[in-house]
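Participant: Need a 3D model of the sequence below.
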Amino acid sequence: MMFQILNPFFSQAAEAGALPTLRAATDPQATSGDYYGPSGLMELRGAPVVVRSSARSYDEDAAKRLWVLSEEMTGVKY
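Facilitator: Numbers count the residues shown, from 1 in each chain. Predicted structure coming up:
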C-alpha cells in the first residue's frame, strides 16, 4: 500500500522510461559514448538528457571480459 502511494513520486510510466533509450538511438546530436537518463531529482524521472554513467561502465577490463564472455555464450565473434 505504501509503495502504491509513493510510486508516482519516485518512478515514471514505462513510456517515459523508454525515452532515454529512444533519444540515444534517434537523436542526430547524440555521439558515441553519450549516456541518457532522466533529468529530474536523482535521475529518477524527467525528460531525457545526457547524464554521467555509473563508474562501473568506465571499467575497460570489465568491458573486455563481458565482450569475450558474450562471444563465447553466443558463438558470434566480431
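Participant: Tell me how many other residues surround P38.
Facilitator: P38: 19 surrounding residues under other Cβ atoms under 10 Å. Placement of C-beta: from N, CA and C, glycine included.
Participant: For the residue nearest to it when sequence neighbours are not counted, what are phi and psi?
Facilitator: In space, and not counting its chain neighbours, P38 is closest to G46: 4.2 Å by Cβ to Cβ, 6 or more residues apart in numbering. Main-chain dihedrals, G46, degrees, to the nearest 10: phi 130, psi 180.
Participant: and G46, what does it touch?
Facilitator: Counting by Cβ atoms under 8 Å, 6 or more residues apart in numbering, G46 makes contact with Q12, P38, S39, G40.
Participant: Ok, P38 next?
Facilitator: Q12, A16, P20, L44, R45, G46, A47, P48, V49, V51.
Participant: what pLDDT does it get?
Facilitator: At P38 the predicted local confidence, pLDDT, stands at 93.
Participant: Tell me how far A55 lies from A62.
Facilitator: In this view, A55 and A62 are 11 Å apart by Cβ to Cβ, to the nearest Å.
Participant: where exactly do the helices run in this structure?
Facilitator: Remark: helices assigned in the chain by DSSP state H are 2-10, 14-26, 60-74.
Participant: just the ones you listed: most buried one?
Facilitator: Mean neighbour count (mean count of other Cβ atoms under 10 Å) peaks for helix 14-26 among these, with a mean of 13.
Participant: Return it as PDB; C-alpha atoms alone will do.
Facilitator: Below are the C-alpha coordinates for helix 14-26, written out as PDB (Å, rounded to 0.1, in the frame of the first residue of the first chain):
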ATOM      1  CA  ALA A  14       7.000   2.800 -19.000                       C
ATOM      2  CA  GLU A  15       6.600   5.200 -22.000                       C
ATOM      3  CA  ALA A  16       8.600   7.900 -20.200                       C
ATOM      4  CA  GLY A  17      11.200   5.400 -19.000                       C
ATOM      5  CA  ALA A  18      11.800   4.400 -22.700                       C
ATOM      6  CA  LEU A  19      12.600   7.900 -23.800                       C
ATOM      7  CA  PRO A  20      16.300   8.000 -22.900                       C
ATOM      8  CA  THR A  21      16.900   4.900 -25.000                       C
ATOM      9  CA  LEU A  22      14.900   6.300 -27.900                       C
ATOM     10  CA  ARG A  23      16.700   9.600 -27.700                       C
ATOM     11  CA  ALA A  24      20.100   7.900 -27.700                       C
ATOM     12  CA  ALA A  25      19.000   5.800 -30.800                       C
ATOM     13  CA  THR A  26      17.400   8.600 -32.800                       C
END
